[in-house]
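Colleague: Sequence and predicted model, in that order:
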2 protein chains.
Amino acid sequence: MSQVATKPMDATPDRDSRDMANAIRALAMDAVQKANSGHPGMPMGMADVASVLFRDFIKLDPARPDWPDRDRFVLSNGHGSMLLYALHHLVGYSDMTIDQLKNFRQIGSKTAGHPEYGHALGIETTTGPLGQGITTAVGMALAERMMNARYGDDLVDHYTYVFCGDGCLMEGISHEAIDLAGHLKLNKLIVLFDDNGISIDGKTDLATSTDQVKRFEAAGWHAERVDGHDAAAIRAAIERARKSDKPAMIAAKTIIGYGSPKLAGSEKSHGAPLGPDEIAATREKLVWTAEAFAIPDTILQGWREIGKKGSAASAEWDKRHAASQKRAEFDAAIKGELGADFAKVMADYRQKLSDEKPKLATRKSSEATLEVVNAATELTVGGSADLTHSVFTLTKGMGDVQAGHYDGRYIRYGIREHAMSAVMNGLALHGGFIPYGGTFLVFSDYMRGGMRLSALMGLRVVYVLTHDSIGLGEDGPTHQPIEHLTMLRATPNMLVFRPADAIETAEAWEVALTAHRPSVLSLSRQNLPTVRAGDIAENRTAKGGYVLREAEGERQVTIMASGSEIEIALAGADKLAAEGIRAAVVSMPSHELFLEQDAAYRAKVLGTAPRVAVEAAAGMSWDRFIGTEGRFVGMRSFGASGPAPKLYEHFGITPEGVAEAAREILR
Amino acid sequence: MSQVATKPMDATPDRDSRDMANAIRALAMDAVQKANSGHPGMPMGMADVASVLFRDFIKLDPARPDWPDRDRFVLSNGHGSMLLYALHHLVGYSDMTIDQLKNFRQIGSKTAGHPEYGHALGIETTTGPLGQGITTAVGMALAERMMNARYGDDLVDHYTYVFCGDGCLMEGISHEAIDLAGHLKLNKLIVLFDDNGISIDGKTDLATSTDQVKRFEAAGWHAERVDGHDAAAIRAAIERARKSDKPAMIAAKTIIGYGSPKLAGSEKSHGAPLGPDEIAATREKLVWTAEAFAIPDTILQGWREIGKKGSAASAEWDKRHAASQKRAEFDAAIKGELGADFAKVMADYRQKLSDEKPKLATRKSSEATLEVVNAATELTVGGSADLTHSVFTLTKGMGDVQAGHYDGRYIRYGIREHAMSAVMNGLALHGGFIPYGGTFLVFSDYMRGGMRLSALMGLRVVYVLTHDSIGLGEDGPTHQPIEHLTMLRATPNMLVFRPADAIETAEAWEVALTAHRPSVLSLSRQNLPTVRAGDIAENRTAKGGYVLREAEGERQVTIMASGSEIEIALAGADKLAAEGIRAAVVSMPSHELFLEQDAAYRAKVLGTAPRVAVEAAAGMSWDRFIGTEGRFVGMRSFGASGPAPKLYEHFGITPEGVAEAAREILR
């Protein structure tokens, strides 16, 4: 596809650029060799582009990795992590010592196999699963425009730069990212595509014939091709990209493993050490005489100038910040502070619900809660994957985020669930916002990649997932989640809430908005009565599970349920009571939080009587509570198409089903 | 985007086409109204395109829905299911009676909310989750070319037509589909895009600005725009598409809810009944005087002509089939028959393994098995999402499937896991092939959408998912599956195998290739010893779980494990034996198959002693076996980056960890 030829390496006229790039190449080769594991090809191929970008453009202060107005640099092709670690060492991040590079890919080192957010200073996002980085970067670039709309150029004015490879651009999520960024005209997003024509299996023309420049143009981007080893050409292209009023993609034609006499241009340089002999030959070819892991002082000083420039820029920013009338508000936003009265607002709202006892679908209860939340804080940014009027994520006066209208608070993600998840990650990572986004629970399938990274990074992102069972009715099995609650509950570091009524929904939102991890709100399509009214002083959902109704006298059976099945569990307990069987009902809106309570609390809630669990879903996540002796009333197959009440009957998820399960145990 | 204007409806000169289209519109309005649920807008908008396609082009025989050389028609925007049901009624599929249309979306009817494969005659694939249909159709169109390469034009020569909407084209999977189809030059694939400019939230320009024609062209397609209500223009465009040597996309500019005076052109016609008054007004506007659910005879006869033409064509095909020397081979392929000696080939191979006792990673054992399988049958078609040399899915002499080289047996899916899953569904649905495809287990996240449909449709598709734990080592937590086995085991109708050695791997392949549902093979990166040698007469993996090593004397504890942790379980049992504790080791390569055994068998295998389960993954799927009293040795967090043996130590998944868990229970 690429019509741009690459120049021979000795033709590069810019000696400084070449030396700076070779420092990256040498460190990448050496670290991968020492680890005997890793990916040298990409860092060696993209070293020239990285050197130009960092030396001539990027704005960052290594001494202050959390400076809010720094440029964001995202390595979407995260397997090339040694490029990032080399850059961080060279520009002088304090934790990225040469010893860390020597410990590449070892347990406990800062230099994990793929870049991990929070694991070392300055890593903007976790990458590795392809296509996530570029899409997360769309979220960061959008956050920049939205924060700029709120706080002005003085406080917020930075670029988001992305490196990505063929893999990122083949993944479907890249389409969603590109489409959305083009639509939103995110002109401060610049993607540098490592157009090396090589993927793991060999030449990319084994599997793709797409004209990437034309593809990006079709999505409303500025796009062009450039020789990725010609410093002057790269510089000029980045300058044009920065001036464009569109997001920009520069396809940099590079040679993977550049410099290696035998392996350059081959997939063999992608994912394995070059070997000592080839490394020696490459050093010779690159005219790089320094020992392994050694960087000549003059070259290191060149790199350290970047940090000095950045420190000066951050000091200038401090002056503007000190002079800004919006300073306090900006700082609170960056810290993600909900405000001192937030807890009271939510407590008052719980009281109101307890008084009014609405009968609402929890998706509607969520909307009502969001009306309160979005009035109480400006941190929240809503959105939906084109199901706004089904998932009820839009509240009064939010205003759409659109190109040129970045002061809105509601994002039209389009029919792009995967991008929604990754863009929300980007919004959260950038700082200034708490993103939430809605779709049907079943479509968590489409955004597993992004959701997993929310969890791995511990980001405060809220997934509003409605139509959370066969209760969605006629749309049938393709739209009825079965295994999804299990899948999400099995995901480490993810909070899954399935509230039973309006009060539990408000409680779940409160926990989600104050958590240091992502939350899923699993919400019903169908109306549910208020069951939690009365003693609402404490946020019981925060304990994950609690006794909703104790048995009269010693328990003979404990019925556990969540969400829309609480109503059924209560009716089942009524049936049993009529027969003289003493059943308690435990509401379990969040398994994770319940398991985090102390043993005494858990034992008290669960009791020692046999247990029945009820949920209109797969039962796997309940087995830990009911044990091998208990009973599960729920789904054992895919669903079906029909009106919701008939489906509940059809699958036996009824008060009688619950009662019969209890009788079976007690028989 | 679309520069094509739509003509006023009375300007359509083709009276027959208009009447035929109005029959669809009336049935769609009426059925949705009666169900009080459903999506009338799309059928009404695409009725003209459907009428032209069916009347003038499509080749199908309603009396013979499984005729192998029929054209495939895929409704990718499956919410418009009433379009399909109306078409099936009108052309005369025997099961799609007017009563079925009156029972739209009711339990037990043929007319489920979204089209479900196997639920009514002639439904080629289940659609609803957007983007799946178009990608599955790529698989069908590829299967057509591949079967054509094997059996020639006489037996295989048909088109694959797809209806899709804005939603399908916004989803990331559509990029993967389009990219792959363009690369493979699937010239008999024709996509008719319902370019109505409306999505659920409102106008599509809320969320997208992509030029779809340019986008498809960038991926190597023939693409053009047409007025979707001008029969002659549609006809001409389809003719050009059929002549193109590329896959073709026709963006048909339509009006959603066409004919409805108040709701046409509005998202309000998308997903709700029009209401009796508006239906009456629409009837008037369309000059459609028939009662609800009534189709005038002359118009019905027009539709039935399509079936007659198709029956004649299928009779002609029968003659060619009868004369073909490849008939028997073709019939066996369409039936998916593995051949009479397949079982013996596999039994012999098991014996060989039992004799040789190789120590191999199960990904390598899988490759060795595939060498045997692919030599024994030509039904298998392999592939990988650009990880061929890691997942070992390519065997000797398969040959790449490429444009113009459709006689290959190995598909380069590119870095497109989601497309791989849906294309495999299409290959399986078309008939003639058993597709298998490989990537890392963690990337099942990226293809959940397609995998779930494999399970819902009960398709014989094999997912070869390697690097199935922290055993993948240095690539770190982004690449280490934790919750994935749970997620897949919780999915109804999915077989998940995690074999412990070369013999179990061969057994798993044998079951997978003869199953009427999809299978996942979860395979190790690291080497594993043969543990199952000796008594190999029976395929024990087919029972899901079995006693690998009985305790000497009465069991005190049962240690259950799968895959790479069997070795650890055995070593743990050794430790316990040295202390005088009698432990049995149960290998559990497939939870699903084990749960399908009779209660007596299960009880015998599990025993009555306390249980410990070992798996380097989340433990949720084991809770049903270990109960609340047992212990789980496995992962309780995300993984980490480091060499595999160190990670096992770090997370305590060791013989000592197993032994200590057993001691804890027995204390």
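Modeller: That came through, no problem. Residues are numbered from 1 along each chain as shown, chains lettered A, B, ... in the order given.
Colleague: How about the residues of the stretch 1-150 of chain A by chain B?
Modeller: Residues of the stretch 1-150 of chain A lying close to chain B by C-beta under 8 Å from any C-beta of the partner chain are A:35, A:37-38, A:78-79, A:105-109, A:112-114, A:116, A:126-131. Backbone N, C-alpha and C define where each C-beta goes, glycine included.
Colleague: buried set for stretch A:529-538?
Modeller: For stretch A:529-538, the neighbour count (16 or more other C-beta atoms under 10 Å in any protein chain shown) marks A:530-533, A:536 as buried.
Colleague: let me redo that: stretch A:287-294
Modeller: Within stretch A:287-294, the residues that count as buried by 16+ other C-beta under 10 Å are residue A:288.
Colleague: how long is it from one end to the other?
Modeller: This stretch, stretch A:287-294, spans 14 Å end to end (C-alpha to C-alpha, to the nearest Å).
Colleague: gap between that stretch and the chain center?
Modeller: On the basis of C-alpha atoms, centre = their mean, to the nearest Å, stretch A:287-294 sits 39 Å off its chain's mean C-alpha point.
Colleague: Please work out the average pLDDT along it.
Modeller: What stretch A:287-294 shows for mean pLDDT is 96.
Colleague: tell me the two of the buried residues of stretch A:529-538 that are most distant?
Modeller: Greatest spacing in these, by C-beta to C-beta: A:531 and A:536 (11.9 Å).
Colleague: Show me which residues of the stretch 301-450 of chain A are close to chain B?
Modeller: Within the stretch 301-450 of chain A, the positions lying close to chain B (C-beta under 8 Å from any C-beta) are A:384, A:386-390, A:400, A:402, A:412-419, A:442-443, A:445-446, A:448-449.
Colleague: In helices, which of those appear?
Modeller: Members of these lying in helices (criterion: DSSP state H): A:388-390, A:417-419, A:448-449.
Colleague: Make a markdown table from these and add pLDDT and neighbour count to it.
Modeller: Converted to a markdown table, these look like this (pLDDT from 0 to 100; neighbours: other C-beta atoms under 10 Å in any protein chain shown):
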| residue | pLDDT | neighbour count |
| --- | --- | --- |
| A:388 | 97 | 20 |
| A:389 | 96 | 14 |
| A:390 | 97 | 19 |
| A:417 | 98 | 34 |
| A:418 | 98 | 34 |
| A:419 | 98 | 36 |
| A:448 | 98 | 27 |
| A:449 | 98 | 28 |
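Colleague: so, if you compare these, which one comes nearest to residue A:256?
Modeller: Residue A:256 has its nearest neighbour among those in residue A:449, at 24.7 Å by C-beta to C-beta.
Colleague: Chain neighbours aside, what residue packs nearest to that closest one?
Modeller: Spatial nearest neighbour of residue A:449, excluding adjacent residues (C-beta to C-beta, 6 or more residues apart in numbering or on different chains): residue B:445 at 4.9 Å.
Colleague: Export the buried residues of stretch A:529-538 as JSON lines, with columns for distance to residue B:602, secondary structure and pLDDT.
Modeller: Formatted as JSON lines, the buried residues of stretch A:529-538 follow (distance: C-beta to C-beta, whole Å; DSSP: H, G, I helix; E, B strand; the rest coil; pLDDT from 0 to 100):
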{"residue": "A:530", "distance to residue B:602": "43", "secondary structure": "coil", "pLDDT": "97"}
{"residue": "A:531", "distance to residue B:602": "38", "secondary structure": "coil", "pLDDT": "97"}
{"residue": "A:532", "distance to residue B:602": "40", "secondary structure": "coil", "pLDDT": "92"}
{"residue": "A:533", "distance to residue B:602": "45", "secondary structure": "coil", "pLDDT": "87"}
{"residue": "A:536", "distance to residue B:602": "46", "secondary structure": "coil", "pLDDT": "90"}
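Colleague: Which of those sits closest to residue A:121?
Modeller: Distance to residue A:121 across these (C-beta to C-beta) is lowest for residue A:536, with 43.4 Å.
Colleague: who's in contact with the closest one?
Modeller: Taking C-beta atoms under 8 Å, 6 or more residues apart in numbering or on different chains as the criterion, residue A:536 is in contact with A:350-351, A:353-354, A:503.
Colleague: Which PyMOL command selects the buried ones in these?
Modeller: A single PyMOL command selects the buried members of these (16+ other C-beta under 10 Å):
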select buried, chain A and resi 350+353+354+503
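Colleague: Among the contacts of residue A:536, which pair sits farthest apart?
Modeller: Using C-beta to C-beta, the two most remote members of these are A:351 and A:503, lying 9.6 Å apart.
Colleague: for chain A, what's the longest helix?
Modeller: Secondary structure of chain A per DSSP H: the longest helix is helix A:297-323.
Colleague: average model confidence for the next helix or strand after that helix?
Modeller: Under the assignment DSSP states H and E, the closest C-terminal helix or strand after helix A:297-323 is helix A:327-335. Per-residue pLDDT values over helix A:327-335 give a mean of 97.
Colleague: From the contact counts, what lies against the helix or strand following helix A:327-335?
Modeller: Using DSSP H and E, the helix or strand that follows helix A:327-335 towards the C-terminus is helix A:342-356. With contacts taken as 3 or more C-beta pairs under 8 Å, 6 or more residues apart in numbering or on different chains; DSSP states H and E, helix A:342-356 sits against helix A:362-376, helix A:502-514.
Colleague: Okay, buried residues for the shortest one please.
Modeller: What it means is helix A:502-514. Under the neighbour-count criterion of 16+ other C-beta under 10 Å, helix A:502-514 has A:502-513 buried.
Colleague: Now that we have those residues, can you turn them into JSON lines and tack on distance to residue A:475 and pLDDT?
Modeller: Shown next, in JSON lines, are the buried residues of helix A:502-514 (distance: C-beta to C-beta, whole Å; pLDDT from 0 to 100):
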{"residue": "A:502", "distance to residue A:475": "25", "pLDDT": "98"}
{"residue": "A:503", "distance to residue A:475": "28", "pLDDT": "98"}
{"residue": "A:504", "distance to residue A:475": "25", "pLDDT": "98"}
{"residue": "A:505", "distance to residue A:475": "22", "pLDDT": "98"}
{"residue": "A:506", "distance to residue A:475": "28", "pLDDT": "98"}
{"residue": "A:507", "distance to residue A:475": "29", "pLDDT": "98"}
{"residue": "A:508", "distance to residue A:475": "25", "pLDDT": "98"}
{"residue": "A:509", "distance to residue A:475": "26", "pLDDT": "98"}
{"residue": "A:510", "distance to residue A:475": "31", "pLDDT": "98"}
{"residue": "A:511", "distance to residue A:475": "30", "pLDDT": "98"}
{"residue": "A:512", "distance to residue A:475": "26", "pLDDT": "98"}
{"residue": "A:513", "distance to residue A:475": "30", "pLDDT": "98"}
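Colleague: export the residues you listed to TSV and tack on distance to chain B?
Modeller: TSV is the format used below for those (distance: C-beta to the nearest C-beta, whole Å):
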residue	distance to chain B
A:502	25
A:503	28
A:504	23
A:505	23
A:506	26
A:507	25
A:508	21
A:509	22
A:510	26
A:511	21
A:512	20
A:513	23
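Colleague: Check what contacts stretch A:42-49 and list those residues.
Modeller: A:12, A:17-18, A:21-22, A:24-25, A:27-29, A:50, A:77, A:79-80, A:82-83, A:86, A:163, A:165, A:192, A:194, A:196, A:228-231, A:234, A:252, A:254-260, A:264, A:269-270.
Colleague: switch to 6 Å and redo it
Modeller: Stretch A:42-49 is contacted from outside by A:21, A:24-25, A:28, A:77, A:80, A:82-83, A:192, A:194, A:196, A:228-229, A:234, A:252, A:254-259, using C-beta atoms under 6 Å, 6 or more residues apart in numbering or on different chains.
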